[in-house]
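S.K.: next comes the sequence, and after it the predicted model I'd like to discuss.
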Amino acid sequence: MDKRLVGKGLIVGLLSLGSVVAHADQAGGGGCGWGNMVFEGQRGLFPHLLATTTNGTSGNATFGLTSGTNGCDSSVRLGYGGRSIFAMNGMLDSIAEDMAKGQGEALDAYAVLLGIDTNDRAHFAQVTQQHFGEIFASKDVTGEQVLSNTLAVMSRDQVLARYAKQPA
């Protein structure tokens with residue numbers, strides 16, 4: 001199997017999983033957007049993906065949030081109730097292995113998730129390899145700790161600091 005195809009599939013899978021596992025309070029409220037209206041009452045992955053796609057491609061949830069229509073309410077508190085994206089995919093070991101080597105598909109996928117531009121990814125790989133012991137500080141480190149440690153390392157690097165925005 002072509003390694004580029006596997007890498008692209010890994011990236012798409014990681015990005016898709018992020019939207020699927022975020023299931024606490026939904027942005028704009030639980031009924032925000034036409035997709036939620038069209039697929040109201042349905043359960044399962046397929047209707048949720050279709051509702052999300054409908055909202056995203058038409059921009060109606062954005063309009064609803066700014067105008068207070070389409071069942072949207074910007075006063076709801078955002079939350080995340082999912083498990084770590086790394087734990088869900090068993091990615092932590094792969095990221096650790098690639099980071100120790102300074103290259104690899106899992107490390108590339110991690111860089112994509114962090115929003116690192118293509119031209120800065122080699123530098124990201126080099127910096128994270130140099131600080132591997134700080135990022136993976138113990139053998140039982142969690143995905144959340146790896147992310148926090150990675151962002152801390154990035155924030156001290158002149159090139160990567162602009163990507164190290166920590167969530168509030």
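M.R.: Right, received. Where do you want to start?
S.K.: break this structure into its domains for me.
M.R.: Domain segmentation of the chain under automatic domain parsing yields 25-78, 85-163.
S.K.: out of the helices and strands in this protein, which is least certain?
M.R.: Taking mean pLDDT, DSSP states H and E as the measure, the helix or strand of the chain with the lowest value is helix 3-21, at a mean of 45.
S.K.: show the subsequent helix or strand relative to that one.
M.R.: Sequence-wise, the next helix or strand downstream of helix 3-21 (DSSP states H and E) is helix 34-38.
S.K.: give the buried residues for that following helix.
M.R.: Judged by neighbour count using 16 or more other CB atoms under 10 Å, the buried positions of helix 34-38 are 34-36. Heads up, the C-betas are built off the backbone N, CA and C, glycines and all.
S.K.: helices or strands next to the helix or strand that that helix is followed by in the packing?
M.R.: Per DSSP H and E, the first helix or strand lying C-terminal to helix 34-38 is helix 45-58. Counting contacts by 3 or more CB pairs under 8 Å, 6 or more residues apart in numbering; DSSP states H and E, helix 45-58 packs against helix 3-21, helix 34-38.
S.K.: please repeat the previous calculation with a cut-off of 7 Å.
M.R.: Under the contact criterion of 3 or more CB pairs under 7 Å, 6 or more residues apart in numbering; DSSP states H and E, helix 45-58 touches helix 34-38.
S.K.: what are the contacting residues of the helix it packs on?
M.R.: Helix 34-38 is contacted by residues 50-55, 58, 60, 70-71 when judged by CB atoms under 7 Å, 6 or more residues apart in numbering.
S.K.: got a winner among those for most neighbours?
M.R.: With neighbours taken as other CB atoms under 10 Å, the top of these is Asn55, carrying 24 neighbours.
S.K.: leaving out chain neighbours, which residue sits closest to that one?
M.R.: Leaving out its chain neighbours, the residue that sits closest to Asn55 by CB to CB, 6 or more residues apart in numbering is Gly33, at 3.6 Å.
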